[in-house]
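Trainee: here is my input; please provide its structure:
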Amino acid sequence: MRKLLFAFALLAGCASAAPIEFTLADGGAAQGSPGSVAGWGFTFTNSTLDFAVITGSSFTPLAGSVPYTDWAGPQFLITGPAPESPSTSQVFDAFLQTGVGAVTIDPSAVIGSVIQGTIEVTYDRYSRSPSDPNFDPDVDIVSLGNTLSAPAQITVAGSLATVPEPSTMVPILLALGILIGSRKLMR
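Mentor: I've put the predicted structure just below:
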């Protein structure tokens, strides 16, 4: 009887999970300095028997406007059953342009301010993987233009100007002294 109850509890837990989920890394909290590019890592999970293709992402701030660049949409990310992976995760990397997308923080943004909003991903579902040679986009469509969203925020962070440590100042001052001394000897 205990085994039966345990199995039922496991099945009930599985049934409560959404068939397709989108989450942002670190609960949607990111940070960046004024004038920098900041963004979010993400996980997109598809536990259906269909194949989902992320077609785009957008950021809608609660106030004002913020320049946003979609990075997930152009990557042709497919999730689903074999031969694909049921989950796609990416960390945010501004250099590699990975993650769901990026916001350019205003250079005059106040340190400590928070930009809040919502990230929305758009995806299409197909009965056959788009990477399958027999894929036919007209026949294999399940649904187009589906959306999922997650709350997101960026804290504008800053740092005090760095002052060289004494250990690095000594060689700099020594080199400067040698340069000035050699100029005087050349005259």
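
Trainee: quick one, helices of this structure?
Mentor: 2-15, 166-186 (DSSP state H).

Trainee: and those helices, which one is worst for confidence?
Mentor: Among the helices of the chain, helix 2-15 has the lowest mean pLDDT, at a mean of 43.

Trainee: got a list of what the residue nearest to residue 76 when sequence neighbours are not counted touches?
Mentor: Closest residue to residue 76 apart from its sequence neighbours, by CB to CB, 6 or more residues apart in numbering: residue 53 at 6.8 Å. To be clear about C-beta, it is placed using only N, CA and C from the backbone, and glycine gets the same treatment. Residues in contact with residue 53, defined by CB atoms under 8 Å, 6 or more residues apart in numbering, are 76, 77, 78, 123, 124, 125, 126, 130.

Trainee: one more time with 7 Å, if that's ok
Mentor: 76, 77, 78, 123, 124, 126, 130 (CB atoms under 7 Å, 6 or more residues apart in numbering).

Trainee: report the beta-bridge partners for the spatially closest residue to residue 29 that is not a sequence neighbour.
Mentor: Once flanking residues are discounted, residue 29 sits nearest to residue 153: 5.7 Å by CB to CB, 6+ apart. Per DSSP bridges, the residues bridged to residue 153 are residue 29, residue 116.

Trainee: list the contacts for residue 153?
Mentor: Residue 153 sits next to 28, 29, 114, 115, 116 when contact means CB under 7 Å, 6+ apart.
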